[in-house]
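> structure for this input, please:
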Amino acid sequence: MSHIRPQWQLQAIAAQKRDNELRRAEELKKVASYFELNTNKSRHHEQWTTEGYYEKANKEAELLSEKKIRVAQLEERRKKLELMLFQENMQYQQELKALAAQPKYYKNGSYLNKIPTSTLQQINQGIIEKEQQMR
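Below is the predicted model of the structure:
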């Protein structure tokens with residue numbers, strides 16, 4: 001004869017089974033995540049220890065080093081060019097000052113500074129008259 005259990009006892013057994021199943025599922029999740037994590041780590045470790053990865057890393061490091069050297073060389077070249085431009089500019093300014101200090105020559109060889117103002121006014125008047133005649 002089977003012994004009929006009271007309702008509260010059946011509910012307690014069902015609750016205990018449910019708790020056990022939840023605990024097992026949680027433990028399985030922990031184990032699965034542990035293996036997944038360690039599989040990823042070992043896969044990365046395997047990849048990092050291969051010769052191809054080592055060569056690739058060396059090549060990347062070499063390229064980075066060359067790039068840094070090139071950037072430094074370009075910066076040095078830029079500074080030299082800036083200095084040359086500054087020196088040329090200074091020389092140009094000095095030449096302009098020297099030319100400005102010298103007396104100006106007119107086309108016929110005479111000094112422009114020594115031509116009287118009245119002569120210049122007569123030349124201007126002549127130019128204006130010719131322009132009016134051409135119109």
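> burial count for residue 38?
Per other C-beta atoms under 10 Å, the neighbour tally for residue 38 reads 11. Quick note: C-beta positions are derived from backbone N, CA and C, even for glycine.
> before we move on, what about residue 53?
13.
> and it, what does it touch?
By C-beta atoms under 8 Å, 6 or more residues apart in numbering, the contact set of residue 53 is residue 47.
> repeat that with 10 Å
Contacts here follow C-beta atoms under 10 Å, 6 or more residues apart in numbering; on that basis residue 53 touches 44, 46, 47.
> poorly predicted segments of the protein, please.
Under the criterion of pLDDT under 70, the regions of the chain flagged as low confidence span 1-2, 103-115.
> can you tell me which helix in it is longest?
helix 51-101 (DSSP state H).
> can you list the helices and strands that the very next helix or strand once past that helix packs against?
Taking DSSP states H and E as the definition, the helix or strand that follows helix 51-101 towards the C-terminus is helix 117-134. With contacts taken as 3 or more C-beta pairs under 10 Å, 6 or more residues apart in numbering; DSSP states H and E, helix 117-134 sits against no other helix or strand.
> what about residue 133, distance to residue 122?
When distance is defined by C-beta to C-beta, to the nearest Å, residue 133 is 16 Å away from residue 122.
> the two: which has the busier surroundings?
Ranked by neighbour count (other C-beta under 10 Å), residue 133 and residue 122 place residue 122 first, with 11 against 7.
> how about the contacts made by that one?
When contacts are counted by C-beta under 10 Å, 6+ apart, residue 122 touches residue 116.
> also residue 116?
By C-beta under 10 Å, 6+ apart, the residues touching residue 116 are residue 122.
> let's see that with 8 Å instead.
The neighbours of residue 116, taking C-beta under 8 Å, 6+ apart as the test, come to nothing; the list is empty.
> what separation do you get for it and residue 4?
Taking C-beta to C-beta as the criterion, residue 116 is separated from residue 4 by 143 Å.
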